[in-house]
Each structure stands twice: as C-alpha cells, then as structure tokens.
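1. Let's see this in three dimensions:
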Amino acid sequence: MPIFEISLLARVTWNLHSLNNEGTIGNVTEPRTVVLANGVKTDGISGEMLKHIHAFYVWLLTEDKSYFCEACQKFHPQKADRNREVKRSDSPEKAMDKAVASCVLCDLHGFLVQKPTISRPSTIEFGWALGLPAKTHRGIHIHARHSMEGRPAEEAESREEDIDEKVAEEKETEVTAQMIYHRPTRSGVYAIVSVFQPWRIGLNEINYRYVINEDERKFRYQLGLNAYKASFMRTDGAMVSTRLPHTENIEGIIVISERNFPSPVISPMDEFFDKILEEIVKRNNGLQIRRFSNLSQLNLLLDDLMKEELFKLNMP
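-> Residues are numbered from 1 along each chain as shown. Reported below is the predicted structural model:
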C-alpha cells in the first residue's frame, strides 16, 4: 500500500522528568504550564522540544554525514540558510531543488532561507505533549552545589583575630562555589500527537516536482520512522543529565492514510479518542488503524511501515 500520511497518537507515561521548563527565576526553575480549553491548567512539553528530539535522532542515526548540507552536518539550526549552493541559486525553484536534494534533515524537518526567500514546512509535525490533569504530578526539590575550596575559610572563621586578607579571599570563594537551587520534577501520563507526511519527501513545493529518486525517498522515509523509534526508546531533552525520564509505558494508535486524504488527528486527551477514530476510519476509504499497547509493539508497527511504498503525486 502507498503511504500518504501517518498520524501517531499516543499516551506515554514519563516518571521523574524535567524535559521542558519555562525558565529560571533566581535560583528556581519553573516547569511548563499550559491551559486547556476548559480552563484547567496542566503540565506541558512543547512541540518544539519533541521535534528537536526527533531531528537530533535523524542526524545521529545517519552514519554518513554527507547526506546533510554543510550546516546540518554540524546540526546547526540555520540549515539551508547556510548552504552556499542554495544562496547562489538564481531562482527560488532552483534554490529549493538544491536545498531539498542535498540534505536529508532540511527535507524532513523544513527550513527557511532568507535570500532567495524560500521556505519549506516540515514533513514531521508535533503538538504539545499534554499531561492528563488527573494523572500528572509535580514536585520542587532543593539541591546544593558544594566545593572543597571553602573548607579552609570555615576553619578560620572561629579565629576572627587571625583573619587576614588571604582568608577573606577564601571566604569569598566559598560563597561563589556553593549554591542552593530548586529544580522541578514531574511524573504523569502525557498525550502526544504527531503527523508524518511521506508524500512530501523530496518534493519541491514551488514547482511540485520530485527532485530525488524513489530509492532516496524511501531511505529518508525509513530514517524518519527510525527517529520516532529512538525518540521514545530514549527520550532526550532538557535536564536529562540528572532527570533522565523513567519511561514506564506507551500506548496508542497509528492512523495510516493510503490516498491523498489527511490522516486524522484526535487528541488522546479524550478518553474515547480510539473509538472516535474507529468511526472515522469506517466512513472513509483508504484509512487504517493500528493499535499498540507498549513500546515493543510500537517498534514492530514502525518496522512494518518501513516496508511500504510511498505515495507519489502524479503531476502533468
């Protein structure tokens, strides 16, 4: 079957993580807070964070970095805007051809070029990961950074009459080396929505011509699916050096569109999202549902999808 679009709709349980935060005020790091349509506040992880994780794995899983443009070889955020061949192009169509053909990451994750002015939307989209309000919990924990350098000053503090300039400097060092700070930790079940559009891989969306062959399109498609696998097998992101998420489970649905019709997205925030999707699929030809109840099953489904062919536009 040709793959037009894929929707991944899941509930993932992450324990004791701090993947995304608002910022730091003083010595306190504030976690992300979002407000739902019903006015309820809940925990959130931005789509930017999830997309960055996926893009990183696209880069990491590609052993031969010559598949990337000069900027993307170093995982630079400007992407095609630093591609000299693109910027030397004398028309937007040629610039888009070169940008899409020369770089897997630019093709899959999109880019913006200032001159000539062209843009390519990403073929991979993420919404916010939203904590189910009744199943999300937060905590703020206090930590301290210590330094052995401060100990001589402590010992000298009891002998005030002997404190000289050198000891005063040691005391100042102690103050700067020791720091009290507060970090958030969250646990909960998160609703995730993502869309992958394989039909757009290798497509110049100015003249609507494919600029790479089918084998190359298939390679990039499989790479995108493998990056999904890696993203959930080892979720990277903010503060993972000390708050690596305990991934407990993931369950959900993959919706596959086999024709030029969008794969539907119903949020797993809805308790009955799977039932709604089943009804939609029954009434629309060319849609399929595949369920998974753990990470292993999700990986098997993605492996199966890698074997399929890609939908291709038939342009006159």
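2. tell me the contacts of L298?
-> Counting by CB atoms under 8 Å, 6 or more residues apart in numbering, L298 touches 10, 229, 232, 250, 252, 254, 292. C-beta: built from backbone N, CA, C; applies to glycine.
3. Show me the two of those residues that sit farthest apart.
-> Farthest-apart pair in the contacts of L298 is K229 and G252; separation 14.2 Å (CB to CB).
4. Neighbour count: these two, which is higher?
-> G252 (23 against 18; other CB atoms under 10 Å).
5. which one is the more buried one nearest to, not counting chain neighbours?
-> Excluding the flanking residues, the one nearest G252 by CB to CB, 6 or more residues apart in numbering is A10, at 3.2 Å.
6. again with S293
-> In space, not counting the residues next to it along the chain, S293 is nearest to E251; the distance is 4.7 Å by CB to CB, 6+ apart.
7. May I have stretch 292-308 as CSV, with CA atoms only?
-> In CSV, the C-alpha atoms belonging to stretch 292-308 read as follows (Å, rounded to 0.1, in the frame of the first residue of the first chain):
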residue,chain,number,x,y,z
PHE,A,292,-0.1,-0.6,20.2
SER,A,293,-0.1,-1.1,23.9
ASN,A,294,3.7,-1.0,24.7
LEU,A,295,7.0,0.3,23.2
SER,A,296,7.8,-3.1,21.7
GLN,A,297,4.6,-3.2,19.7
LEU,A,298,5.1,0.4,18.5
ASN,A,299,8.6,-0.6,17.2
LEU,A,300,7.1,-3.6,15.4
LEU,A,301,4.5,-1.4,13.7
LEU,A,302,7.1,1.1,12.6
ASP,A,303,9.2,-1.7,11.3
ASP,A,304,6.3,-2.9,9.2
LEU,A,305,5.6,0.5,7.9
MET,A,306,9.2,0.8,6.6
LYS,A,307,8.5,-1.9,4.1
GLU,A,308,5.7,0.0,2.4
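8. any idea which helix or strand comes after whichever strand or helix holds S119?
-> If you go by DSSP states H and E, S119 is part of strand 118-120. Using DSSP H and E, the helix or strand that follows strand 118-120 in sequence is strand 124-126.
9. Note down every partner strand of that next one and its orientation.
-> Applying DSSP bridges to the sheet, strand 124-126 is found paired with strand 179-196 (antiparallel).
10. buried sites along the strand it pairs with?
-> Of all the residues in strand 179-196, those buried under the rule 16 or more other CB atoms under 10 Å are 183-196.
11. before we move on, the earlier item: quick one: the strand holding S119 to chain centroid distance?
-> Distance, stretch centre to chain centre, for strand 118-120: 21 Å (CA atoms, centre = their mean, to the nearest Å).
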